[in-house]
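In: Provided below are the primary sequence and the corresponding predicted coordinates.
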Amino acid sequence: MSDTVRVRFAPSPTGHLHIGGARTALFNWLFARHINGAFILRIEDTDTSRSTDDYIEAIIEGMKWLNLDWNEGPFRQTDRFDVYRKYVERLLAEGKAYRCYCTAEELEHRRQQALADGKTPKYDGRCRSITEPMPNKSFAVRFKMPQEGTTVLNDMIKGAIVFENNLLDDMIILRSDGTPTYNFVVVVDDIDMKITHIIRGDDHVNNTPKQIHIYKAFGWEPPQFGHLPMILGSDKSRLSKRHGATSVMAYKDMGYLPDALVNYLVRLGWSYGDQEIFTRQELINYFSFDNVGSSAAVFNPEKLLWLNSQYIMNTPAEALAEMVLPFVVKAGFIREGQYPNMQWLSKAVLTLRERSRTLVELAQSMKYYLVDEVEIDQKAGDKFLKPEGIALLADLKDALTGIEDFTVPEIMPPASVMPRCNGQLMASANA
RNA sequence: GCCCCCAUCGUCUAGAGGCCUAGGACACCGGCUUUUCAAGCCGGCGACACGAGUUCGAAUCUCGUUGGGGGCGCCA
């Protein structure tokens, strides 16, 4: 393993693993696997009021389903509060941070006021001048941001981005309840875990200069940054439930294969010439940030559906039979525990696989193999179930009764002696 | 309001100054094949946001405009 490259995926457990997060995780994972580095999973749960253990489980479940394995972790930031506190103390002692006695209400009021006045909301630094701790008063700790000069972010994807330091806020690094905030812990952890490349969403670009100053305050060398463009909904607004399912596991339930989702996601922002379908190994071999674009992408469920159908068609029937089984059970066509012979099921799958775009569709189409009563498609029935067609079917039934090994070679002889057109017969049989 | 980012078919994208009368994929529309449905094959529709530069030459470089996105929390 390379001892140089270490990347991480750091979701906050305030929701399920969603499409955007999954793509961020995927790019980190691909980069690590490509270069033989380490991929670390870290749970950013410093917002104790919104984080839940259930969501941590859900995120891990999503990662596992997508087959994105990690080398270290999952680490939880709530396990590391004492570490962060030490670093806060250090900044306080060195005069690089200060206690702020403004209340959350005051701050919120000022912020709204500034927004209403059309001004940039920014902390005015009024507590900077308080040098002696005020006893019996609760406080938050703020970081003293430099107010002059510029900060340059050399982004792996976006190139050089320059920020004016006087626009940077003295951000809170420790809340009045004693818990640290994101922009602070992310830096401490990334240093602590020796992260070399931070690959994350575009929405973090504006946080980066602030974080760079924290690195500098501690005398640490900032890692490389790469900011991935966002994934948008069909109306080009931020992807949300309005645009359909956003949770990764919802796609599992809808009968998508994890490899198909991965393949779809990777092509949102990354490309390799004209190639559309990749094996995992190809993805790992080919992946590079040189081929990552910098503009946002619209999530297109139709293309994902097409990719899924391609994956289903190319999955061996035996494997597909295993995959579809839970969906068949869920549809109620077979009972749990009363599983059919898997070899037989594979044969059934083989006949249906190329007309199914999802496992749900596949399971649905297997109904007539598994359930006694038969529903006839209206259109096909009208077309073929005419008296002569029915007569043919009756003949066929007689011919077929008694055949034990129901395979193509066994069926064809009796079927082909049927007078007139075979095609109509087959069509009738299908209907 | 301020800051940052982005800009090729409806969508995902190829394109690193001449290989571009702009290529591929999804979707859509035709045809072939299959007497169903699919799959497959062939074809069609369809884009360099706009305006100035730089250059012999620009989708590609620069600036501006417009449009879109993101950020401005004791959220992450």
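Out: Cool, got the structure. Numbering: from 1, shown residues only, chains lettered A, B, ... in the order given.
In: what's the pLDDT at the nearest residue to A:G149 once chain neighbours are set aside?
Out: Leaving aside its sequence neighbours, A:G149 sits nearest to A:N165 (CB to CB, 6 or more residues apart in numbering; 5.1 Å). (Glycine included, C-beta is placed from N, CA and C.) Looking at A:N165, its pLDDT stands at 96.
In: So A:N165 versus RNA strand B, what's the distance?
Out: From A:N165 over to RNA strand B the distance is 11 Å, taken as CB to the nearest atom of the strand, to the nearest Å.
In: so that residue makes contact with A:T151?
Out: Yes: A:N165 is within contact range of A:T151, at 5.9 Å (criterion: CB atoms under 8 Å).
In: Can you work out which residues contact both of the two?
Out: By CB atoms under 8 Å, 6 or more residues apart in numbering, A:N165 and A:T151 have these common neighbours: A:P209.
In: tell me which residues in stretch A:100-118 are buried?
Out: By neighbour count with 16 or more other CB atoms under 10 Å, stretch A:100-118 contains the buried residues A:100, A:102, A:110.
In: repeat for stretch A:271-280
Out: By 16+ other CB under 10 Å, the buried positions in stretch A:271-280 come out as A:272, A:278.
In: okay, it in PDB with CA atoms only?
Out: The C-alpha trace of stretch A:271-280 is given here as PDB (Å, rounded to 0.1, in the frame of the first residue of the first chain):
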ATOM      1  CA  SER A 271     -15.300  10.400 -18.500                       C
ATOM      2  CA  TYR A 272     -12.900   8.200 -20.300                       C
ATOM      3  CA  GLY A 273     -13.200   9.000 -24.000                       C
ATOM      4  CA  ASP A 274     -16.500   7.600 -25.400                       C
ATOM      5  CA  GLN A 275     -16.700   4.600 -23.100                       C
ATOM      6  CA  GLU A 276     -20.000   4.300 -21.200                       C
ATOM      7  CA  ILE A 277     -19.800   0.900 -19.500                       C
ATOM      8  CA  PHE A 278     -16.900   0.000 -17.200                       C
ATOM      9  CA  THR A 279     -16.000  -2.900 -14.900                       C
ATOM     10  CA  ARG A 280     -14.900  -2.000 -11.500                       C
END
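In: what does it contact?
Out: The contact list for stretch A:271-280 (CB under 8 Å, 6+ apart) reads A:67, A:259, A:262-263, A:266-267, A:282, A:286, A:291, A:293, A:307, A:310.
In: before we move on, the earlier item: between A:N165 and A:T151, tell me which one has more neighbours.
Out: Higher neighbour count among A:N165 and A:T151: A:T151, with 19 against 15, using other CB atoms under 10 Å.
In: Just the residues contacting stretch A:65-72, thanks.
Out: A:1, A:9, A:22, A:25-26, A:29, A:32, A:38-41, A:63, A:193, A:248-249, A:252, A:258-259, A:261-262, A:280.
In: Any of the residues you listed buried? List them.
Out: Of the contacts of stretch A:65-72, these count as buried by 16+ other CB under 10 Å: A:9, A:22, A:25-26, A:29, A:32, A:38-41, A:63, A:193, A:248-249, A:252, A:258-259, A:261-262.
In: Among the residues you listed, which lie within strands?
Out: A:9, A:38-41 (DSSP state E).
In: Present the residues you listed as TSV; the columns should include distance to RNA strand B and pLDDT.
Out: Output for those, formatted as TSV (distance: CB to the nearest atom of the strand, whole Å; pLDDT from 0 to 100):
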residue	distance to RNA strand B	pLDDT
A:F9	11	98
A:A38	21	98
A:F39	18	98
A:I40	15	98
A:L41	13	98
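In: among these, which two are most distant?
Out: A:F9 and A:A38 (11.8 Å; CB to CB).
In: sorry, back to before: buried subset of the contacts of stretch A:271-280?
Out: Buried among the contacts of stretch A:271-280 (16+ other CB under 10 Å): A:259, A:262-263, A:266-267, A:286, A:307, A:310.
In: From these, pick the one nearest A:L228.
Out: Looking across these and measuring by CB to CB, the closest to A:L228 is A:V266, at 11.4 Å.
In: elements contacting the longest helix seen in chain A?
Out: Ranked by residue count, the top helix of chain A under DSSP state H comes out as helix A:19-35. With contacts defined as 3 or more CB pairs under 8 Å, 6 or more residues apart in numbering; DSSP states H and E, the packing partners of helix A:19-35 are strand A:6-9, strand A:38-43, helix A:53-65, strand A:197-201, strand A:224-228, strand A:231-232, helix A:258-266, helix A:280-286.
In: between it and strand A:224-228, what angle do the directions make?
Out: 140 degrees (axes from the mean of the first three to the mean of the last three CA atoms, to 10 degrees).
In: Contacts (any at all) between RNA strand B and helix A:19-35?
Out: No: using CB under 7 Å from any atom of the strand, helix A:19-35 stays clear of RNA strand B, coming no nearer than 9.5 Å.
In: Please write out the alpha-carbon positions of that helix in CSV.
Out: Provided in CSV are the C-alpha atoms of helix A:19-35 (Å, rounded to 0.1, in the frame of the first residue of the first chain):
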residue,chain,number,x,y,z
ILE,A,19,-26.7,10.2,-4.5
GLY,A,20,-24.4,13.1,-4.0
GLY,A,21,-22.6,11.7,-1.0
ALA,A,22,-22.3,8.3,-2.8
ARG,A,23,-20.5,9.9,-5.7
THR,A,24,-18.1,11.8,-3.4
ALA,A,25,-17.4,8.5,-1.7
LEU,A,26,-16.9,6.8,-5.0
PHE,A,27,-14.4,9.3,-6.3
ASN,A,28,-12.4,9.1,-3.1
TRP,A,29,-12.5,5.3,-3.2
LEU,A,30,-11.5,5.2,-6.9
PHE,A,31,-8.7,7.6,-6.3
ALA,A,32,-7.4,5.5,-3.4
ARG,A,33,-7.8,2.2,-5.2
HIS,A,34,-6.2,3.6,-8.3
ILE,A,35,-3.1,4.8,-6.6
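In: In the stretch 201-350 of chain A, mark out all the helices, start to finish.
Out: For the stretch 201-350 of chain A, the helices defined by DSSP state H, counting those that start in this stretch cover A:208-218, A:248-253, A:258-266, A:280-286, A:301-313, A:317-331, A:342-352.
In: Just put the ones you listed in JSON lines and tack on distance to A:I173 and mean pLDDT.
Out: What follows is those, written out as JSON lines (distance: least, CB to CB, whole Å; pLDDT from 0 to 100):
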{"stretch": "helix A:208-218", "distance to A:I173": "8", "mean pLDDT": "98"}
{"stretch": "helix A:248-253", "distance to A:I173": "32", "mean pLDDT": "97"}
{"stretch": "helix A:258-266", "distance to A:I173": "34", "mean pLDDT": "98"}
{"stretch": "helix A:280-286", "distance to A:I173": "38", "mean pLDDT": "98"}
{"stretch": "helix A:301-313", "distance to A:I173": "40", "mean pLDDT": "97"}
{"stretch": "helix A:317-331", "distance to A:I173": "47", "mean pLDDT": "94"}
{"stretch": "helix A:342-352", "distance to A:I173": "56", "mean pLDDT": "90"}
